[in-house]
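Q: sequence first, then the predicted structure, then my questions.
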Amino acid sequence: MQVSRRAQPSAALRLALPPQTSSDLAPSGGAGGEEEEEEKEVSEERDVFKDDDGGGGGGEMEEDDEDIGAYLGLDLSDYVEQSGATPSDTIVSLEDTGDESRRTSDAGQGGSEAHGQAPAAAEEEEEEEEEEEERSAEEREAERTRGGEEEEEEEEEEEEDEEEAAARERAAQRQKLAIEELVHTERNYLRLLQVASVTIRNNLQKIQPPLAGLSSMFLHIEEVMEVSGRLLSLLDQRLVQPGDPQYLQNLCDSFLSLSSDIEESYKEYLANYNQVTTVEDSYKQREALWVEVVKVIKTSAPEVNATSLSFFLVMPVQRIARYPLLLQTIQKHTQRSHPAYGRLEDAARAAVALNCRINEYKRFREVADKYKKTETLTMKDKINRLNSHSIAKKTARISQVIKHETGMASKLVDEEFDALEMFFYLLEKGILELHDNVEAYLRHLQEFLSCRPEECDLNLDGNKPAICYKEIHTALRLWILPTFEKRMRSLIYKPLCSLRDLLAGPRNLIRKRLDKLLDYEVIEARPSLTYEEQAVASTYKTINTLLLNELPQFNGLALGMMWSVLGTFSSLHLDLTADMEQLFQGFAQQLPHSALETGAFWEWAEHAVLEGARNLESVCCIVEETLSTPIVQPLSPSSQRRLGMLTQKHGSEKIFQVSSVVVGSRDLDLSLARGELVAVVSQADSRGDKKRWLVDAGGPRGYVPSSRLIRYHQAVEAPPPSPQLLLPEGGPRRHSYSPETRALTLPPMSQPCLQVFVSYDFTARGAREVSVRAGEAVRILESKDKGGNSEWSLVEAAVGRRGYVPSNYLVFMPTTPTGPPAGRGALSGYATYR
């Protein structure tokens with residue numbers, strides 16, 4: 001039997017044990033044997049207690065006695081006093097006795113009572129032993145229960161560990177599948193784009209007639225394919241599999257390194273995607289053409305069930321939106337402890353931000369495309385667009401401008417945009433002036449090339465300088481200058497035309513920004529905005545942001561292009577100089593001035609230039625005098641009567657003729673036809689303005705612009721000396737001159753007058769022209785047409801027929817009463833009127 005260890009007795013309660021010789025402890029009657037057995041059991045129990053407390057030796061015997069007395073419930077104090085023991089030597093703690101000591105504490109008052117209760121103590125001891133056994137059994141059961149619970153907990157932990165391991169394995173497998181999906185779909189996506197841009201495109205280009213706008217559908221697709229191929233090549237560089245942690249690290253690093261290139265290529269493609277749908281819709285409107293296009297697509301890609309080009313061309317739009325989803329799926333199945341988790345987070349965020357920026361750029365481009373177009377509307381179209389909304393909007397803008405000009409409202413000032421706008425307008429002015437100058441240069445060059453003096457028979461035998469010039473001019477006109485003109489048009493003029501056309505977009509956006517700014521200023525101060533007002537504010541902010549971001553780039557590129565054009569212009573002239581120098585070297589030794597010194601050569605050149613200038617000036621004076629000589633046409637009977645009346649009334653020196661049609665625009669102004677005769681009454685109006693003369697038109701008087709009047713020269717009775725025309729002996733020869741000539745004297749005319757004749761037959765091609773024959777006399781009504789073109793003259797032929805004929809078909813010849821000189825050759829020998 002196991003006995004539980006008792007606690008040490010406390011100092012609070014101590015009992016004195018009686019000496020062993022006390023009569024109270026002597027056995028009585030026949031109970032001595034039983035008592036000896038009980039004492040033996042108690043002694044054994046004491047030994048057990050002593051062993052449990054770790055004590056030994058005689059020093060602890062008294063304490064053992066005290067324990068026995070207390071255990072038996074006897075009062076041993078008298079025995080202790082008789083034996084001379086001190087109470088301190090025989091102290092036992094009631095706390096160590098437990099419930100049994102407390103149950104028997106009252107029984108120690110007398111020796112007889114203790115002796116009578118010994119069997120009861122034994123029974124209690126047995127009960128205690130049973131209780132101890134029960135407690136031990138319960139403890140063992142509890143220990144077994146605790147052991148079972150611990151085993152269950154261990155089993156649960158093992159199950160949890162197994163579940164976590166299985167979950168990690170499933171996550172790793174899903175991560176691997178997601179990575180493989182990204183890579184596999186990227187390869188398939190690139191393959192389909194190559195099929196569309198190479199195979200299908202080449203086959204569609206073979207369709208006759210060629211498809212309009214086909215190249216615009218594949219715009220920027222090469223950049224998309226290039227960046228996709230670079231991504232796959234970076235993934236294939238390292239020999240690792242998708243399940244390797246290093247593969248995910250490589251994937252994230254590759255995507256992040258190409259994110260800027262992906263954005264640049266995809267944003268341009270997505271911004272142009274509306275053009276793809278527009279062109280495809282135009283094909284669908286022509287049924288036969290669309291059937292042929294679908295047939296080509298199915299033949300080119302039989303493994304793909306595609307029936308339109310948009311099936312392939314929409315793939316980049318879908319692919320850029322799938323990158324965030326695929327990366328987020330990989331991130332979902334990746335443990336945070338994974339070494340590439342941080343880079344994976346960065347890649348997922350970069351993909352989302354990339355899509356947001358592309359969408360914003362596409363929105364900006366849509367606004368720009370909407371407002372940068374230049375519309376050419378007729379007046380009817382503009383009137384049809386008028387409605388109450390547009391009228392209210394225009395009125396609000398005009399009132400806002402008036403408020404700005406009068407100082408009633410402050411104007412929003414953006415110094416950055418104002419600087420960009422000013423630079424753009426300066427750049428535009430320079431580009432337009434350069435374009436106009438180059439255009440004029442090419443026009444003058446074309447006029448120079450149209451002159452072909454070498455084709456004329458100038459009889460230059462023996463004139464070495466003239467022959468050299470003829471050969472040089474031939475080489476210039478046939479080879480050098482045409483090549484130079486072609487290069488000028490392709491390298492300078494066409495780029496300038498393209499640059500001039502590109503200026504229209506920013507110019508329209510700047511003007512539209514001003515309109516939207518006026519609308520924005522009206523609604524800016526309002527506390528709350530309606531949906532339409534929010535749209536107006538958003539449109540203004542979008543246009544303003546777009547111009548601030550892209551106008552500096554446009555200005556820089558346009559300026560660089562203009563400088564490049566100027567540099568090319570200089571290079572072309574250097575090449576032209578080298579070609580001309582090489583050409584002249586072959587003829588330099590044949591010219592008379594080739595042997596001159598440098599100083600003498602420049603002196604000779606200056607003298608030759610000045611002499612040529614003087615000769616040209618004298619020729620111009622002769623031509624001007626010839627053209628200013630008044631031409632007198634025969635007057636109608638009514639004009640002759642008016643001339644006689646005006647001459648008699650005012651004198652011949654005041655007779656003037658109207659040079660062009662005069663239409664009165666103010667009070668007292670006269671409306672006169674060309675050729676009418678008037679007499680000048682005063683060479684100034686009532687206010688002293690000498691530009692308006694007071695004239696007499698043979699009845700009404702009024703003011704006429706002095707610039708429309710020329711002095712009228714009347715025909716005299718004595719004919720002027722007839723001119724002598726020097727003609728070659730062989731007959732008339734155009735563009736050829738010979739020193740051997742003969743004099744031809746015209747017969748005297750009884751009535752000196754120049755008559756207009758037609759030198760060639762002319763057939764009218766419209767209602768405003770008149771048909772005439774060579775030698776027919778006509779009267780010129782106007783020397784120009786309504787547009788001021790002097791190449792056509794309004795004439796009056798026989799039977800009152802009026803119309804336009806070419807001016808170079810008319811000649812002026814002196815006439816006699818017998819009529820004009822006969823023969824077409826005689827008419828062609830005179831100067832042609834222009």
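A: Happy to help now that I have it.
Q: mind listing what's buried in stretch 216-235?
A: For stretch 216-235, the neighbour count (16 or more other C-beta atoms under 10 Å) marks 217-218, 220-221, 223-225, 227-228, 231, 234-235 as buried. In short, each C-beta sits where N, CA and C put it, glycine included.
Q: with stretch 129-138 instead?
A: Here stretch 129-138 shows no buried residue, counting by 16+ other C-beta under 10 Å.
Q: out of the buried residues of stretch 216-235, flag the one nearest to residue 499.
A: Among those, residue 220 lies closest to residue 499 (C-beta to C-beta), at 21.9 Å.
Q: what's the following helix or strand after the worst-scoring helix or strand of the chain on mean pLDDT?
A: Sorting the helices and strands of the chain by mean pLDDT, DSSP states H and E puts strand 741-744 at the bottom, at a mean of 36. Downstream of strand 741-744, the first helix or strand assigned by DSSP states H and E is strand 754-758.
Q: output that following strand as PDB, nothing but the C-alphas.
A: Below are the C-alpha coordinates for strand 754-758, written out as PDB (Å, rounded to 0.1, in the frame of the first residue of the first chain):
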ATOM      1  CA  LEU A 754      -5.700 101.600-137.400                       C
ATOM      2  CA  GLN A 755      -8.200  98.700-137.800                       C
ATOM      3  CA  VAL A 756      -8.300  95.500-135.800                       C
ATOM      4  CA  PHE A 757      -8.200  92.300-137.800                       C
ATOM      5  CA  VAL A 758      -8.200  88.600-136.900                       C
END
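Q: next SSE after that strand?
A: Counting by DSSP H and E, the next helix or strand C-terminal to strand 754-758 is strand 777-782.
Q: in the helix or strand that comes right after that following strand, what counts as buried?
A: Downstream of strand 777-782, the next assigned helix or strand under DSSP H and E is strand 792-796. Within strand 792-796, the residues that count as buried by 16+ other C-beta under 10 Å are 792-795.
Q: what are the ranges of the strands in this protein?
A: All strands of the chain, identified by DSSP state E, fall at 655-658, 677-682, 692-696, 701-705, 709-711, 725-728, 741-744, 754-758, 777-782, 792-796, 802-806, 810-814.
Q: so which of the ones you listed is nearest residue 576?
A: strand 802-806 (38.0 Å).
Q: identify each buried residue in that closest one, please.
A: Residues 803-805 are the ones in strand 802-806 that count as buried (16+ other C-beta under 10 Å).
Q: excluding covalently adjacent residues, which one is nearest to the spatially most central residue of the chain?
A: The centroid of the chain falls nearest to residue 365 when counting by C-alpha atoms, centre = their mean (5.8 Å). Of all residues not flanking residue 365 in the chain, residue 271 sits nearest, at 4.2 Å (C-beta to C-beta, 6 or more residues apart in numbering).
Q: quick one: the helices in the stretch 501-650 of the chain?
A: 504-524, 531-588, 598-628, 637-650 (DSSP state H, counting those that start in this stretch).
Q: for residue 761, find the nearest of these.
A: helix 598-628 (26.9 Å).
Q: helices and strands around that closest one, which ones?
A: On a contact count with 3 or more C-beta pairs under 8 Å, 6 or more residues apart in numbering; DSSP states H and E, helix 598-628 meets no helix or strand.
Q: quick revisit: between the buried residues of strand 802-806, which is closest to residue 692?
A: Distances from residue 692 to these, taken by C-beta to C-beta, are shortest for residue 804, at 31.5 Å.
Q: tell me where the model's unsure across the stretch 251-400 of the chain.
A: Applying pLDDT under 70 to the stretch 251-400 of the chain flags residues 374-375.
Q: nearest to residue 440 among the buried residues of strand 792-796?
A: Of all the buried residues of strand 792-796, residue 792 has the smallest distance to residue 440: 25.9 Å, by C-beta to C-beta.
Q: out of the buried residues of stretch 216-235, which are inside helices?
A: The members of those that map onto helices under DSSP state H are 217, 221, 223-225, 227-228, 231, 234-235.
Q: how about these in CSV, adding distance to residue 483 and pLDDT?
A: Output for those, formatted as CSV (distance: C-beta to C-beta, whole Å; pLDDT from 0 to 100):
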residue, distance to residue 483, pLDDT
217, 37, 89
221, 38, 91
223, 37, 92
224, 41, 92
225, 40, 93
227, 42, 93
228, 45, 92
231, 48, 91
234, 49, 88
235, 53, 84
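Q: now, which of these sits nearest residue 759?
A: Among these, residue 217 lies closest to residue 759 (C-beta to C-beta), at 61.0 Å.
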